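>>> pasting the structure only:
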């Protein structure tokens, strides 16, 4: 498979088979992703692979907290909502997606289920969390590096 095939063939997956993923394949994918560029070759990333019952408990907790209205706790800046043409594009894509999924605007339960699917990681059998050490907090380079390795991780998985 050529790099162009990976990039041009990539698409967003919003539902996964429950089939387990072999550990050797996960290790191969992470090994490839670790070759991503990083600022001054620091490779600041850490990977946590979660599957099975621990992942199911995380999904259940995410769903319960969301339904209970517990505010999201994130360790990175969320920033301001999109505005202008970026917000218009976001709305346009959402309309296309919900239309393709058969979810009407007035279908509050269907829309909420869609949101909750995201908090369940779209039922993927494996979740890989990329982190960096707290002592790198505030670095402008480190989040960029983790974004690069996350992109490499997705593309390595997609190519497999």
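Nice, I can see it. Since this is a predicted model, take the numbers as computed values, not measurements.
>>> contacts and neighbour counts: CA atoms only from here.
OK.
>>> center of the chain - which residue?
Note on the chain: the residue nearest the mean C-alpha position is residue 121, at 7.3 Å, using Cα atoms, centre = their mean.
>>> residue 68 versus that one, what's the distance?
Computed with Cα to Cα, to the nearest Å, the distance linking residue 121 and residue 68 is 19 Å.
>>> show me the helices in this structure, by range?
3-9, 23-33, 52-67, 84-101, 108-119, 141-159 (DSSP state H).
>>> who wins for proximity to residue 39 among those helices?
helix 141-159 (6.3 Å; Cα to Cα).
>>> hmm, who's touching the closest one?
1, 6-7, 10, 29-30, 32-39, 43-45, 130-132, 136 (Cα atoms under 8 Å, 6 or more residues apart in numbering).
>>> could you redo the last one with a cut-off of 6 Å?
6, 29, 33, 36, 38 (Cα atoms under 6 Å, 6 or more residues apart in numbering).
>>> show me where pLDDT drops low in the chain?
Within the chain, the ranges that satisfy pLDDT under 70 run 74-77.
>>> residue furthest from the geometric center of it?
Outermost in the chain, Cα atoms, centre = their mean: residue 106 at 27.2 Å.
>>> look up how far residue 111 lies from the residue lying closest to residue 50 once chain neighbours are set aside.
Spatially, and ignoring its direct neighbours in sequence, residue 50 is nearest to residue 127 (5.1 Å; Cα to Cα, 6 or more residues apart in numbering). According to Cα to Cα, residue 127 and residue 111 sit 23 Å apart.
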